[in-house]
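K.L.:
pasting the structure only:
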């Protein structure tokens, strides 16, 4: 009985790690996302509500809330700060953000998780947490030590009164998207440009995709697949108006079985609104 409970807990942790790594695929995949109530706010005292969820159907509150305690907001001048404490509900978490400066803001969540295992006296031990904690917890004399690391970034963007580009300075850590077109000014039929980097270096020939929301009303995923050029950049002919899930993972090859020992995986996802022409 104890072994079965341990196995079930391990399976749940593995599933959650795959979700946060952004490697799930298919029309019914669990995907984490954050989305603002409006991407462009024109007001004397602008504010916005950000929702976070993990869902089967994109932008539907149908599975679990996404805990947003670690989320950060980057203001139009590039200054970063923690968001206020979010409200956690069954299917979503929410937070109200005041936007005191005119310009474009970036809201982001970054997670770095290590999954590992080792044997002590023939008994397998499993781990999920930080790299530092893994190094502390593996005892001397352990055998069959194995670990893999996932670096996941989730973002969305909001503009107060007038757009700006100061919030998009890359951190140089993990997989990042640097908008070359302001992501709160996307209109169907126009072309937007983006650049992807991995640890600050251009991510050349990298596949990524756009998936429109409201999948449940279409019956098909409607995924738009694209690839970066040698500079890690891509031009996107913007499709029909909708909320879109942009997703990319590295390495991008499909791999069966558990992660290889010492492997690192990266993912980036963003929620983008495409407006009518």
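P.N.:
Everything's here; your move. Note that the structure is a prediction, hence the values are computed from the model and not measured. Numbers count the residues shown, from 1 in each chain.

K.L.:
Could you look up the SS state of residue 133?
P.N.:
helix (DSSP: H, G, I helix; E, B strand; the rest coil).

K.L.:
Just give me the neighbour total for residue 162.
P.N.:
By other C-beta atoms under 10 Å, the residues close to residue 162 number 11. Placement of C-beta: from N, CA and C, glycine included.

K.L.:
Ignore what I typed, I meant residue 250.
P.N.:
Neighbours of residue 250 (other C-beta under 10 Å): 20.

K.L.:
Over to residue 49?
P.N.:
Counted with other C-beta under 10 Å, residue 49 comes out at 13.

K.L.:
cool, and residue 133?
P.N.:
13.

K.L.:
Relative to residue 261, how far out is it?
P.N.:
Residue 133 is 18 Å from residue 261, where distance means C-beta to C-beta, to the nearest Å.

K.L.:
again, but for residue 171
P.N.:
From residue 171 to residue 261 the distance is 27 Å (C-beta to C-beta).

K.L.:
repeat for residue 241
P.N.:
46 Å.

K.L.:
Compare neighbour counts for those two and give me the winner.
P.N.:
residue 241 (16 against 12).

K.L.:
Touching, the more buried one and residue 189? I think so.
P.N.:
No: at 9.7 Å, residue 241 does not count as touching residue 189 under the criterion of C-beta atoms under 8 Å.

K.L.:
Show me where the stretch 1-150 of the chain has its helices.
P.N.:
2-20, 131-137 (DSSP state H, counting those that start in this stretch).

K.L.:
The ones you listed: lowest mean pLDDT?
P.N.:
For the helices of the stretch 1-150 of the chain, mean pLDDT drops lowest on helix 2-20, to a mean of 41.

K.L.:
Now for residue 60, how many residues are close by?
P.N.:
There are 14 residues near residue 60, going by other C-beta under 10 Å.

K.L.:
didn't it look like it was pressed against residue 217?
P.N.:
No: with contact defined as C-beta under 8 Å, residue 60 and residue 217 do not form a contacting pair (10.3 Å).

K.L.:
ok, and the helix or strand in this protein with the lowest average confidence?
P.N.:
Confidence across the helices and strands of the chain bottoms out at helix 2-20, with a mean of 41, counting by mean pLDDT, DSSP states H and E.

K.L.:
residue ranges with poor pLDDT in this structure?
P.N.:
With pLDDT under 70 as the threshold, the chain has low-confidence stretches at 1-28, 253-259.

K.L.:
The most far-flung residue of it relative to its centre and residue 144: what is the separation?
P.N.:
The outermost residue of the chain, judged against the average C-alpha position, is residue 121 (38.8 Å), by C-alpha atoms, centre = their mean. Note on residue 121: its distance to residue 144, by C-beta to C-beta, is 12 Å.

K.L.:
try residue 238
P.N.:
For residue 238 relative to residue 144 (C-beta to C-beta), the value is 50 Å.

K.L.:
Compare the two (neighbour count), which wins?
P.N.:
Taking neighbours as other C-beta under 10 Å, residue 238 and residue 144 compare with residue 238 leading, 20 against 12.

K.L.:
quick one: contacts for the more buried one?
P.N.:
Listed by C-beta atoms under 8 Å, 6 or more residues apart in numbering, the contact partners of residue 238 are 186, 187, 188, 189, 190, 191, 192, 274.

K.L.:
Name whatever forms a beta bridge with the second one.
P.N.:
For residue 187, the residues forming beta bridges with it (DSSP bridges) are residue 275.

K.L.:
okay but it is in contact with residue 275, surely?
P.N.:
Yes: using C-beta under 8 Å, residue 187 is in contact with residue 275, at 5.1 Å.

K.L.:
Burial check on the closest residue in space to residue 227 that isn't next to it in sequence, number of neighbours?
P.N.:
Nearest non-adjacent residue to residue 227, counting by C-beta to C-beta, 6 or more residues apart in numbering: residue 207, 5.3 Å away. The local packing of residue 207 (other C-beta under 10 Å) involves 15 other residues.
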